[in-house]
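only geometry, no sequence info:
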């Protein structure tokens, strides 16, 4: 493994996306860069029901450079959706940080100015477009089930506490988060927890967990699936987030970086 300015550098990962999948969602937090290996990706701004196209990118081109050069302090400024089945490489900014810091000061200044100009131009496009009469082709049709966003899901074995919504705060049921994404999680719990509190689909829970670096997340989720685990005495819950504070959303966004 390479060594960089922040220790052991994360590996370069590859992900495959189907036509219609979202790679980046405007407003999400994240600092990864994406290099397109194959396929085509549309980059666009979201303004209410409108999609304002910015570019169609193909093999060899990069997504997420704005957030990288702004050091990840702001949400994603645009969305990116797959037009043709695509494969992308995902780079952690640490892989490029050393090279970026070694750039001459004048080049870093030029890059910073270009990014600021791009952000201003994008905001201007949104402002101008919002003043135009709506066109049928500008309206965003509901996404078909097959084209919903494919959220990156991270496997875990993370202890957590949870309690039913409406139950006293002193209620603390134990569970283990087995996987998590920006929209939900999979949690293993003891079947004994279901004796006094329903765990059927539709049940709502407050969930608390401590991520790496002692970063706490508090979410509210709804059970969407329930099944017996292979190990006796355990249940596996599929949970969709219905409540996520801005702090927890940002913390989870950075944690979810591939």
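Yes, it's here. Keep in mind it's a predicted model, so treat the numbers as computed, not measured. Residues are numbered from 1 along each chain as shown.

Show me where this protein dips below the pLDDT cut-off.
Applying pLDDT under 70 to the chain flags the ranges 1-11, 66-74, 93-98, 115, 118-119, 121-152, 257-258.

Do a quick rundown of the helices in it.
For the chain, applying DSSP state H gives helices covering 65-69, 94-101, 105-130, 193-196, 246-255.

hmm, who's touching the last one?
Meaning helix 246-255. Applying CB atoms under 8 Å, 6 or more residues apart in numbering, the contact partners of helix 246-255 are 28-31, 72, 154, 180, 182, 211-212, 215-219, 244. Bear in mind the C-beta positions are built from the backbone N, C-alpha and C, glycine included.

mind redoing it with 6 Å?
With CB atoms under 6 Å, 6 or more residues apart in numbering as the test, helix 246-255 has contacts from 28, 29, 30, 211, 215, 217, 218, 219.

Could you do the shortest one as well?
Applying CB under 6 Å, 6+ apart, the contact partners of helix 193-196 are residue 173.

mind listing what's buried in it?
Residues of helix 193-196 classed as buried by neighbour count (16 or more other CB atoms under 10 Å): 193, 194.

out of the contacts of helix 246-255, which are buried?
Buried members of the contacts of helix 246-255, scored by 16+ other CB under 10 Å, are 28, 29, 30, 211, 217, 219.

For the residues you listed, name the two members farthest from one another.
With CB to CB as the measure, no two of the buried ones among the contacts of helix 246-255 lie farther apart than 30 and 219, at 17.8 Å.

Now for the residue nearest to residue 167 when sequence neighbours are not counted, how many residues are close by?
The shortest distance from residue 167 to any non-neighbouring residue, by CB to CB, 6 or more residues apart in numbering, is to residue 197 (7.0 Å). The local packing of residue 197 (other CB atoms under 10 Å) involves 14 other residues.
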